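Enquirer: Return atomic coordinates for the entry below.
(chains A and B)
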Amino acid sequence: MTRTSWAEKAFRYVLLLAVLALTVGPFLWQLSTSFKSTTEDVYTSPPRFLPEHPTAHNYAEVADIVPVWDYALNSLTVAVASVLTNLIGASTAGYALARLRFRGRGAAGLAFVAALLVPAESLVIAQFTMMRDLHLNNTLTAVVLPGAVGALNVLLMRNAFANVPREIEEAAVVDGANTWQRFTRIALPSVRGTLAVVAIFAFMGAWDDFLWPLIVLSDSERYTLTVGLNFLHGTFQQNPRLVAAGTVIAVAPLVVLFACLQRYFFRGAGEGAVKG
Amino acid sequence: MARGDMARNDTARRDTARRGVRLHHPATPWLLLLPGLGVLAAFSLFPFLTTVHDAFTDARTLVPGQWVGLRNFRDMLHDEQFWVALRNSALYVVLVVPFTVLLPLLLALLVHKRLPGMGFFRSAFYTPVVASVVAVALIWSWMLDDRGLVNGILKALGAGPVSFLGDSWLLLISAMALTVWKGLGYYMVIYLAALANVPRELHEAAAVDGAGPLRRFASVTVPAVRSTMVLVGALSSVSAFKVFSEVFLLAGPTGGPAGEDTTLVMLVQRTGTGLDGRVGYASALSLVIFVIALLLMLLVLRAGRGGDAAERREERR
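Expert: As a prediction, the model looks like this:
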């Protein structure tokens, strides 16, 4: 093992800190702006990075202007529902594709691959027409449905189940366990890492989605956070402190969630990712 | 029952288990697949067929419309907005993809090294991926404001204010920079998975042979992660081509000064929705997006495979 020289180490850390400033800096700047008081000039040059008199006033005010907490609740509802439907739908389908033998398995697997090739953006108009015909437009159900079981998640789960050694399940078969018992008691616990990845992807996807909720939701009280923020941005551009407070409310939960789950994420993403 | 019978029975059962047949009711797989295939059929296949059908009609919001043959596509050829949007979406691919293929790879190499604090840096670099594109775009539009952070720094350095969001070209380039920035962490993770499979000995051997960092990058790292680079190229080409949120949020719903920054998906959203949306025309546009995205993906994958073939030929020589 060659040892990293002192100079190379220093060089690497300088680069790392520079990238850190570029990737995380904008979030900190927004956080700082959200705590600046109305009397403080936010347009100074050189820019001031710390608020002079930090205040949470902007958070209260943004909630007065738009129902930002209702939007957050709507986003949370959509995200949690999407996590549940994806975990259930992707793990059952993935298990069947990886572990059961039946006529039509190849075709079913191909259907999920084919679905990956169709950009969601080219389906939104037809999906909207469909939701309107079903009288589901302008509901949170309509926001959840198209992404309820992501094809990519099904394929991720299939790969994860395929990597579980067969011997354990065979022993269970000999012991008389039926398919459902093998699925819930043996297969599922062995793919916890990938389940975490699917859960994170589903949550992020639903919480961050913009185009579809923008199209399908028309009543402002049904807005999810992303659509609500767009509205806030359009209406209150002249007060960056308020928009900043709104974005912090949208970003903070995900950063916290990810920080808690990142251990699983980097492990699971390494396991399930496409090998180069 | 004789002992031998039981033993035979047991072996038979184990054999069955090994071959994995007849262990379940014939309906079981389909019951397990039902939620996944159901969603697929209802919200991908059915809308896809509707889109193909509607593309050849003059359907409007709440009006089913009549069959008009290829008229929507002919209209497209004379629609100035369509050409502007196609140009912008194509430019997005050409200018964004080289950066999303190369920069995340360099970043992955930077955090791949086992040094203290790497876990923190990896997670931190992933923050822009976790945050919603809407939040991130609002942060950028505040930073790039005429009196925002970037211009504040430029002014302090004695450089003039740059109106990033006032000029249609600068605006498009700002949106591209935002896309590259937001994708860094995402593609970095994909590269990290690939780098985990590159034996460290390769690098060390090259280092012992006296190869400098640049040479090691070109002759060890790049060949080892080539197929991943092709994959990232294919994924990021398609996602760059169907860009919507970044431009919509920085430029506004109408697509910047005189609509010059409209992209194809923005055009679909604008023409197909609303009280009098031209559903037929928007469906035709959607179909064009689908076909180009598919061709783009095949093109990148084929170019990657072509490179592989060339390499193999060289090896044979």
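Enquirer: Pull out the CA atoms of the stretch of helix or strand residue B:152 belongs to and give them to me as PDB.
Expert: Element membership of residue B:152, judged by DSSP states H and E, is helix B:149-156. Only the C-alpha atoms of helix B:149-156 are listed here, as PDB (Å, rounded to 0.1, in the frame of the first residue of the first chain):
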ATOM      1  CA  LEU B 149     -24.900  37.100  -3.800                       C
ATOM      2  CA  VAL B 150     -23.000  36.500  -7.100                       C
ATOM      3  CA  ASN B 151     -23.300  40.100  -8.200                       C
ATOM      4  CA  GLY B 152     -22.400  41.200  -4.700                       C
ATOM      5  CA  ILE B 153     -19.200  39.300  -4.900                       C
ATOM      6  CA  LEU B 154     -18.500  40.500  -8.400                       C
ATOM      7  CA  LYS B 155     -19.000  44.100  -7.300                       C
ATOM      8  CA  ALA B 156     -16.700  43.700  -4.400                       C
END
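Enquirer: which element follows that helix toward the C-terminus?
Expert: Per DSSP H and E, helix B:149-156 leads on to helix B:168-195 as the next helix or strand towards the C-terminus.
Enquirer: Report whether the very next helix or strand once past that following helix contacts chain A.
Expert: Next in sequence after helix B:168-195, counting helices and strands by DSSP H and E, comes helix B:200-208. Yes - interface with chain A: helix B:200-208 contributes B:204, B:207 (C-beta under 8 Å from any C-beta of the partner chain). Any C-beta I mention is one placed from the backbone N, CA and C, and that applies to glycine too.
Enquirer: Let me see the contact set for residue A:72.
Expert: A:225, A:249, A:250, A:253 (C-beta atoms under 8 Å, 6 or more residues apart in numbering or on different chains).
Enquirer: at 10 Å instead, please
Expert: Residue A:72 is in contact with A:63, A:207, A:224, A:225, A:228, A:246, A:249, A:250, A:253, counting by C-beta atoms under 10 Å, 6 or more residues apart in numbering or on different chains.
Enquirer: Which pLDDT does the model give residue A:40?
Expert: pLDDT for residue A:40: 82.
Enquirer: before we move on, what about residue A:268?
Expert: For residue A:268, the pLDDT comes out at 59.
Enquirer: try residue A:259
Expert: If you check residue A:259, the pLDDT there is 84.
Enquirer: So for whatever helix or strand residue A:252 lives in, what gets flagged as buried?
Expert: Taking DSSP H and E as the criterion, residue A:252 maps to helix A:240-272. Within helix A:240-272, the residues that count as buried by 16 or more other C-beta atoms under 10 Å in any protein chain shown are A:240-251, A:253-255, A:257-258, A:261-262, A:264-266, A:268-272.
Enquirer: could you check the angle helix B:168-195 makes with that helix?
Expert: Helix A:240-272 and helix B:168-195 meet at an angle of 30 degrees, taking axes from the mean of the first three to the mean of the last three C-alpha atoms, to 10 degrees as the criterion.
Enquirer: how near is residue A:15 to residue B:109?
Expert: According to C-beta to C-beta, to the nearest Å, residue A:15 stands 10 Å off from residue B:109.
Enquirer: again, but for residue B:43
Expert: Distance from residue B:43 to residue B:109, by C-beta to C-beta: 40 Å.
Enquirer: Only the buried residues of the longest helix along chain B, if you could.
Expert: Counting residues, the longest helix found in chain B (DSSP state H) is helix B:279-316. Across helix B:279-316, burial judged by 16+ other C-beta under 10 Å covers B:279-290, B:292-293, B:296-297, B:300-301, B:304.
Enquirer: Residue A:258 and residue A:201 touch, don't they?
Expert: No - using C-beta atoms under 10 Å, residue A:258 makes no contact with residue A:201, being 11.3 Å away.
Enquirer: what's the overlap in contacts for these two?
Expert: Residues touching both residue A:258 and residue A:201 (C-beta under 10 Å, 6+ apart) are residue A:265.
Enquirer: confidence score at residue 244?
Expert: Using chain A here. pLDDT for residue A:244: 92.
Enquirer: looking at chain B here, not the other one
Expert: Per-residue pLDDT puts residue B:244 at 96.
Enquirer: before we move on, back to that, list just the nearest of the contacts of residue A:72 to chain B.
Expert: Of all the contacts of residue A:72, chain B sits closest to residue A:250, with 4.5 Å by C-beta to the nearest C-beta.
Enquirer: who's in contact with the closest one?
Expert: By C-beta under 10 Å, 6+ apart, residue A:250 lies in contact with A:68, A:71-72, A:75, A:207-208, A:224-226, A:228-229, A:232, B:131-132, B:134-136, B:138.
Enquirer: Repeat the analysis, applying 8 Å as the threshold.
Expert: Contacts of residue A:250 were listed using C-beta under 8 Å, 6+ apart, and they are A:72, A:75, A:225, A:226, A:229, B:131, B:132, B:134, B:135.
Enquirer: State the distance from the first one to residue A:89.
Expert: Residue A:72 sits 26 Å away from residue A:89, taking C-beta to C-beta as the criterion.
Enquirer: Name the nearest residue to the residue nearest the centre of chain B, sequence neighbours excluded.
Expert: With distances taken as C-alpha atoms, centre = their mean, residue B:239 lies nearest the centre of chain B, 3.3 Å away. In space, and not counting its chain neighbours, residue B:239 is closest to residue B:183: 7.9 Å by C-beta to C-beta, 6 or more residues apart in numbering or on different chains.
Enquirer: and that neighbour, how many neighbours?
Expert: Counted by other C-beta atoms under 10 Å in any protein chain shown, the residues lying close to residue B:183 total 22.
Enquirer: before we move on, what about residue A:112?
Expert: Neighbour count for residue A:112, taken as other C-beta under 10 Å: 25.
Enquirer: likewise residue A:128?
Expert: 22.
Enquirer: correct me, but it touches residue B:273?
Expert: Yes - the criterion here is C-beta atoms under 8 Å, and residue A:128 meets it with residue B:273 at 6.8 Å.
Enquirer: Retrieve the pLDDT associated with the residue of the stretch 51-200 of chain B found nearest chain A.
Expert: For the stretch 51-200 of chain B and chain A, the shortest gap (C-beta to the nearest C-beta) falls at residue B:194, measuring 3.1 Å. What the model reports as pLDDT for residue B:194 is 87.
Enquirer: Pretty sure it sits against residue B:223.
Expert: No - contact criterion C-beta under 8 Å: residue B:194 and residue B:223 do not qualify, at 11.8 Å.
Enquirer: does residue A:238 count as helix, strand or coil?
Expert: Classification of residue A:238 using DSSP: H, G, I helix; E, B strand; the rest coil returns coil.
Enquirer: And it, how close does it get to residue A:250?
Expert: Residue A:238 is 20 Å from residue A:250, by C-beta to C-beta.
Enquirer: for chain B, which spans come out with low pLDDT?
Expert: Within chain B, the segments meeting pLDDT under 70 span B:1-23, B:306-317.
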